[in-house]
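just need the structure, nothing else, for what follows:
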Amino acid sequence: MKQIVVLRVSMDGQRSFFCIMAGQEARTKALKIAVSVKGVEAACLKGKDKEQIEVKGEGIDTVKLTTLIRKKVGHADIVSVKEDKKEEKKPEAVQVLWPYVNGVPSYPIHQEDPYSAPCSIM
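Residues are numbered from 1 along each chain as shown. All right, here's what the predicted structure looks like:
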């Protein structure tokens, strides 16, 4: 089941666990962390001030993702977790029907005997 997770992350230069980061540096680090979690296929920034991260994937551990972002970037909240409604359409299998019942038709091949020469001198 594919899912979409939206997280709100404080990216305004707040103090994280180890250091103080500027906004763009915090965004970059948060996206790198989000993409590194198992099951994540894509991540992007959303919202008015780009304070939300939208993560798409299959089998994402949202608690683990939120905890990692809290430790390395700053305060983070889970806004929503929902199922991805867009299903990828798989091409239908095309059945090829051969017009021949028993395989490929055989046609008579006319070959001349290689030992019979067109001349009678042999």
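
in the lowest-mean-pLDDT helix or strand in the chain, which residues are buried?
Averaged element by element with mean pLDDT, DSSP states H and E, the chain has its least confident helix or strand at helix 23-36 (a mean of 87). Residues 26, 27, 29, 30, 31, 33, 34 are the ones in helix 23-36 that count as buried (16 or more other Cβ atoms under 10 Å). To be clear about C-beta, it is placed using only N, CA and C from the backbone, and glycine gets the same treatment.

for the fifth one, give me its contacts.
For residue 31, the residues meeting the contact criterion (Cβ atoms under 8 Å, 6 or more residues apart in numbering) are 43, 45, 53.

if you set the cut-off to 10 Å instead, what comes out?
9, 43, 44, 45, 53, 55, 69, 73 (Cβ atoms under 10 Å, 6 or more residues apart in numbering).

quick check: residue 32 touching residue 72?
Yes - taking contacts as Cβ atoms under 10 Å, residue 32 lies within contact range of residue 72: 9.2 Å.

related to what we said a few turns ago, mind putting the contacts of residue 31 into JSON lines with pLDDT?
JSON lines is the format used below for those (pLDDT from 0 to 100):
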{"residue": "9", "pLDDT": "88"}
{"residue": "43", "pLDDT": "92"}
{"residue": "44", "pLDDT": "91"}
{"residue": "45", "pLDDT": "90"}
{"residue": "53", "pLDDT": "92"}
{"residue": "55", "pLDDT": "94"}
{"residue": "69", "pLDDT": "90"}
{"residue": "73", "pLDDT": "84"}
